[in-house]
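In: My questions are about this predicted structure, shown below with the sequence.
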Amino acid sequence: MADFGRRYLREHNVLGNIVFADMYKQILAGTFTIGLTGNQKYYYIFYNSTFAQNDEIEYEIFAQHGARTLQILTRTGNTSAIITPYLDDVAQDTIDLYTSSDIYNVLKTSALTVVGTKRHSLKIKSTDKNEASGNYIFNLTWLRIK
């Protein structure tokens, strides 16, 4: 999606607190690429093009103190990783992105424990893979904390 389109959606509060996947703070390991696809909402996915275990990306997000839920809009498939979100360097629940065939616009969730109402570091790392998966790929379109 063009920057203008995202800016419009944010200014008109269409998306609330959604963070688009390519609006990261820094890449910690691996290489990440934007892929354009008509199958995924907003016509793009952001993925680790190195396909390696331990590829990692960091986001800066605002979250309120307490038990929260991380939501990610993703594409699952037979080469997808198991990812682990880290909130302020504390590992949270893992998310298995494996399915036997490609499925677009999948909403995955993970429980988060947020300490303090403030800006936090949210890292997402390809920590493992399903036994049936052929790789460590993770695709993101957006993420948010609810």
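Out: Thanks, I have it.
In: right, and S49 touches T33 too?
Out: Yes. Judged on CB atoms under 8 Å, S49 makes contact with T33 at a distance of 4.1 Å. For every residue, glycine as well, the C-beta is placed using N, CA and C.
In: and those two? which has more neighbours close in?
Out: S49 (14 against 11; other CB atoms under 10 Å).
In: Next up, the contacts around the more buried one.
Out: Neighbouring residues of S49 by CB atoms under 8 Å, 6 or more residues apart in numbering: G30, T31, F32, T33.
In: Specify which member of those is nearest to R119.
Out: F32 (21.6 Å; CB to CB).
In: Does that closest one touch F46 like I think?
Out: Yes. Counting by CB under 8 Å, F46 is a contact partner of F32 at 6.1 Å.
In: Please enumerate the shared neighbours of those two.
Out: D22.
In: Between those two, which has more neighbouring residues?
Out: Of the pair F32 and F46, F46 is the one with more neighbours under other CB under 10 Å, namely 21 against 18.
In: if I've got this straight, that one is in a strand?
Out: Yes. Under DSSP: H, G, I helix; E, B strand; the rest coil, F46 falls within a strand.
In: Now it: closest residue in space, sequence neighbours ignored.
Out: A21 (3.6 Å; CB to CB, 6 or more residues apart in numbering).
In: give me every residue that touches that neighbour.
Out: I45, F46, L140, T141, W142, L143.
In: redo that, cut-off 7 Å
Out: Shown in contact with A21 (CB atoms under 7 Å, 6 or more residues apart in numbering): F46, L140, T141, W142, L143.
In: and what of T99?
Out: T76, G77, N78.
In: Between strand 44-48 and the helix or strand that contains A111, find me the angle.
Out: Following DSSP states H and E, the helix or strand that holds A111 is strand 103-114. Here strand 103-114 runs at an angle of 60 degrees relative to strand 44-48 (axes from the mean of the first three to the mean of the last three CA atoms, to 10 degrees).
In: same for strand 103-114, what does it pack against?
Out: strand 66-76, strand 81-87 (3 or more CB pairs under 7 Å, 6 or more residues apart in numbering; DSSP states H and E).
In: can you pull the buried residues of it?
Out: Y104, V106, K108, S110, L112, V114 (16 or more other CB atoms under 10 Å).
In: Which one of these is nearest to F62?
Out: V114 (10.0 Å).
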